[in-house]
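Enquirer: The following comprises the amino acid sequence and a computationally predicted model.
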Amino acid sequence: MKSIFWKYFKEVLGWALIHSPGAVSVIAKGVALVFDDIREDIFWLRDQLNPATCEEQYLPEHGATRGIPQHPLESIDQYRKRVVKAYVWHHQGGKAEGMPKILKHYGYEGCTFYNCRKDDAARWAEFKAQIPVPERGLEANDYALVTWAVQETKPARSKLSALQTYTVTQGTANASGTLLLGSVVTLEPEKPKDAVLDVTISSGCGLHTITTTSLG
C-alpha cells in the first residue's frame with residue numbers, strides 16, 4: 001500500500017529536497033508513514049464510536065449505554081441492529097402493534113396475538129402469541145427467544161398466557177360431480193288388431209268352413 005502522505009508531500013507540496021536520496025528524503029518518508037498510521041488509528045477510533053461499525057467486542061458497551069442488553073440466543077447481527085436502532089426499539093416496545101415488528105426482526109414473520117378476553121371477560125389482560133412455523137421448523141431455543149422478545153416488549157398491563165404455533169399447508173383441492181339422468185320404460189303387451197280366424201271342420205257329411213272376425 002502506498003503512503004498517502006508521502007504522495008501528498010511529493011505531488012501536492014512539491015518539496016524538491018525529498019525527490020533526491022538523502023537525509024531529508026528519509027525523514028520526510030518516515031514522517032509520512034507515521035502520519036499514515038495516525039490516520040488509520042483515527043479512522044479505527046471513529047468506527048468504534050459507532051455501533052454500526054464497531055468491533056464485536058465493543059458492541060455490548062454501546063448496548064449498555066442505550067439500555068439494550070443482549071440475549072444469549074440472539075445473534076451478533078440481530079443485536080447490532082437493535083443497538084443501532086435503539087430509539088425505534090424502545091419506541092415500539094410496550095405497544096401491541098410493535099410486537100409483530102419486533103418478532104419479525106428475529107425472523108418470525110406473520111405473528112399474531114389473540115386476546116383471551118374473547119373467551120373470558122375476566123382474562124382481559126391475557127393474550128396468546130400465535131407463531132407460524134417457518135420452513136426450518138422450531139426448536140426449544142426458538143420458543144425461549146420468542147418468549148423473551150414478547151415479554152420484553154409487551155404492554156406493561158398485558159400478560160402472556162401461551163405460545164401457539166401453527167403450520168399453513170398449501171395444496172389444490174379438486175371437486176367433481178356426476179349428473180345422473182334416468183327414464184322409466186313400461187313394457188305392456190301389444191294389443192291385437194283385427195284378426196281373421198279361419199276354421200275348417202271335416203265331417204262325414206262334408207267340409208264346412210267357418211270364418212270368425214275379431215275386433216281388437
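Expert: Nice, I can see it. A quick note: this is a predicted structure, and the numbers were derived from the prediction, not measured. Residues are numbered from 1 along each chain as shown.
Enquirer: The residue nearest the centre of the chain: what's it in contact with?
Expert: When CA atoms, centre = their mean is applied to the chain, the residue found nearest the centroid is E109 (4.5 Å). Counting by CB atoms under 8 Å, 6 or more residues apart in numbering, E109 makes contact with L103, P132, P134. No exception for glycine: its C-beta is placed from N, CA and C like everyone else's.
Enquirer: how about the helix or strand where I27 lies: buried residues?
Expert: If you go by DSSP states H and E, I27 is part of helix 23-48. Applying a neighbour-count criterion of 16 or more other CB atoms under 10 Å, one finds S25, A28, K29, A32, F35, D36, Q48 buried in helix 23-48.
Enquirer: Quick check: the last one touching C54?
Expert: Yes: with the criterion set as CB atoms under 8 Å, Q48 and C54 qualify as a contacting pair; they are 4.7 Å apart.
Enquirer: Could you look up the SS state of the residue found closest to L163 once you drop the neighbours it is linked to in the chain?
Expert: Among residues not flanking L163 along the chain, A129 sits closest, at 5.2 Å (CB to CB, 6 or more residues apart in numbering). What DSSP: H, G, I helix; E, B strand; the rest coil gives for A129 is strand.
Enquirer: doesn't A149 make contact with A129?
Expert: No: using CB under 8 Å, A129 makes no contact with A149, being 9.4 Å away.
Enquirer: Tell me the spacing between D41 and Q57.
Expert: To Q57, D41 is 17 Å away according to CB to CB, to the nearest Å.
Enquirer: Return the member of the buried residues of helix 23-48 nearest to A122.
Expert: Ranked by distance to A122 (CB to CB), the buried residues of helix 23-48 are led by Q48 at 52.9 Å.
Enquirer: Can you identify each of the helices in the protein by residue range?
Expert: With DSSP state H as the criterion, the chain has helices at 4-7, 23-48, 59-65, 76-84, 86-92, 99-105, 140-153.
Enquirer: Could you tell me the least trusted of those?
Expert: Mean pLDDT values for these show the minimum at helix 86-92, a mean of 82.
Enquirer: Tell me the gap between that one and the middle of its chain.
Expert: On the basis of CA atoms, centre = their mean, to the nearest Å, helix 86-92 sits 23 Å off its chain's mean C-alpha point.
Enquirer: Does anything pack onto it? Which helices or strands?
Expert: helix 99-105 (3 or more CB pairs under 8 Å, 6 or more residues apart in numbering; DSSP states H and E).
Enquirer: And the helix it packs on, what does it pack against?
Expert: Using 3+ CB pairs under 8 Å, 6+ apart: helix 99-105 touches helix 76-84, helix 86-92, strand 112-115, strand 126-132, helix 140-153.
Enquirer: quick one on the thing from earlier: let's see if you can find the most crowded of the contacts of E109.
Expert: L103 (21 neighbours; other CB atoms under 10 Å).
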